[in-house]
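Student: here's a sequence, model it:
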Amino acid sequence: MFVSAVAVAQETTESEWSGGRDNNIQTVFKGGTHSVTGYGAITNKFTTIRGDFANLAGVYGGVYLNQKLMIGVGAAAMTSRLDVPTRYSADPLRDLNYEYGQVGLVTEYVLGSNKAVHLAFNLFSGAGFTVQNDRNEWDRWDHDWDDDWVDDDYWDDRTRDTNWFFVVEPGVQLEINVFRWMRFCPGISYRAAFGSDGLGMRDSDVSNISYNATLKFGRF
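Tutor: Below is the predicted model:
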């Protein structure tokens with residue numbers, strides 16, 4: 001009976017392999033052409049910096065391992081206007097604005113990737129920076145095309161008070177499989193800054209919750 005049981009088990013295992021089905025052994029990389037794929041994403045985050053609304057637009061992407069783990073890189077930058085208070089201005093005689101950005105490593109771990117709706121946990125870790133620069137309103141420009149409409153009295157493209165620091169941003173998303181190649185992912189994250197020492201930009205000014213909407217494209 002024991003020998004028969006072993007023979008039946010061996011035959012079953014061989015038939016599973018020959019039939020192309022997975023056996024009970026779980027591995028990091030499964031066989032087949034889809035074991036290592038990849039995807040890219042565009043994302044928009046709604047957050048606050050120094051207590052004021054800030055809109056961050058970003059991109060990221062990388063390789064997708066075993067339909068579970070994505071490892072890649074990403075970057076984001078602030079697209080909204082954030083005025084520098086006069087007491088923190090690097091040049092009080094000019095109308096300066098803050099700019100914020102971040103770039104670094106992005107990882108995502110997906111639960112139940114094949115389900116229509118599932119969760120994904122992500123982590124950004126890398127460098128963040130703030131600078132002060134000139135970003136005048138359009139109504140301050142001279143639109144007389146016969147003259148030099150970029151007036152040096154109004155525009156200065158130099159950056160001031162460049163401030164680099166470390167950023168960690170864990171988050172969670174609700175992934176919705178819209179198509180096989182596209183996913184819509186609303187989510188929430190928390191941006192934590194370490195070592196920011198810019199004028200009016202301490203760690204507590206940069207760190208805050210972000211609400212985001214993301215579109216992912218690729219082979220999942």
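Student: okay, strands next: where are they in the chain?
Tutor: Here the chain has its strands, by DSSP state E, at 36-49, 52-65, 69-78, 96-111, 117-134, 160-179, 182-194, 197-198, 201-202, 208-219.
Student: endpoints of stretch 191-199, how far apart?
Tutor: Using CA to CA, to the nearest Å, the end-to-end distance of stretch 191-199 comes to 19 Å.
Student: revised request: answer the last question for stretch 63-71.
Tutor: Note: stretch 63-71 ends 6 Å apart using CA to CA.
Student: any idea of the mean pLDDT in that stretch?
Tutor: Mean pLDDT, stretch 63-71: 96.
Student: the residue lying closest to Phe129 once chain neighbours are set aside: what's it in contact with?
Tutor: Spatial nearest neighbour of Phe129, excluding adjacent residues (CB to CB, 6 or more residues apart in numbering): Trp164 at 5.0 Å. Bear in mind the C-beta positions are built from the backbone N, C-alpha and C, glycine included. With contact taken as CB atoms under 8 Å, 6 or more residues apart in numbering, Trp164 is in contact with 127-129.
Student: can we see that at 10 Å?
Tutor: 127-131, 195-198 (CB atoms under 10 Å, 6 or more residues apart in numbering).
Student: with distance to Val84 added, can I get the strands of the chain in JSON lines?
Tutor: Formatted as JSON lines, the strands of the chain follow (distance: least, CB to CB, whole Å):
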{"stretch": "strand 36-49", "distance to Val84": "12"}
{"stretch": "strand 52-65", "distance to Val84": "11"}
{"stretch": "strand 69-78", "distance to Val84": "13"}
{"stretch": "strand 96-111", "distance to Val84": "4"}
{"stretch": "strand 117-134", "distance to Val84": "5"}
{"stretch": "strand 160-179", "distance to Val84": "9"}
{"stretch": "strand 182-194", "distance to Val84": "18"}
{"stretch": "strand 197-198", "distance to Val84": "10"}
{"stretch": "strand 201-202", "distance to Val84": "9"}
{"stretch": "strand 208-219", "distance to Val84": "18"}
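Student: residue ranges in this structure under the pLDDT threshold?
Tutor: Across the chain, the ranges flagged by pLDDT under 70 are 1-34, 135-157.
Student: circling back: among the contacts of Trp164, which two are most distant?
Tutor: Between any two of these, the greatest separation by CB to CB is 15.6 Å, found for Val131 and Gly195.
Student: more neighbours: which of the two?
Tutor: Set side by side, Val131 and Gly195 show more neighbours around Val131, with 20 against 12, by other CB atoms under 10 Å.
Student: do I have it right that the more buried one meets Leu82?
Tutor: No. Counting by CB atoms under 10 Å, Val131 does not reach Leu82; the two are 11.4 Å apart.
Student: list the residues that contact both of those two?
Tutor: Listed as contacting both Val131 and Leu82 by CB under 10 Å, 6+ apart are 97-100.
Student: in stretch 166-185, which residues are buried?
Tutor: For stretch 166-185, burial by neighbour count (16 or more other CB atoms under 10 Å) applies to 166-169, 171, 173, 175, 177, 183, 185.
Student: which pair of the residues you listed spans the longest distance?
Tutor: The distance between the two most remote of these (CB to CB) is 34.2 Å, for Phe166 and Asn177.
Student: which of the buried residues of stretch 166-185 lies closest to Val36?
Tutor: Arg183 (18.3 Å).
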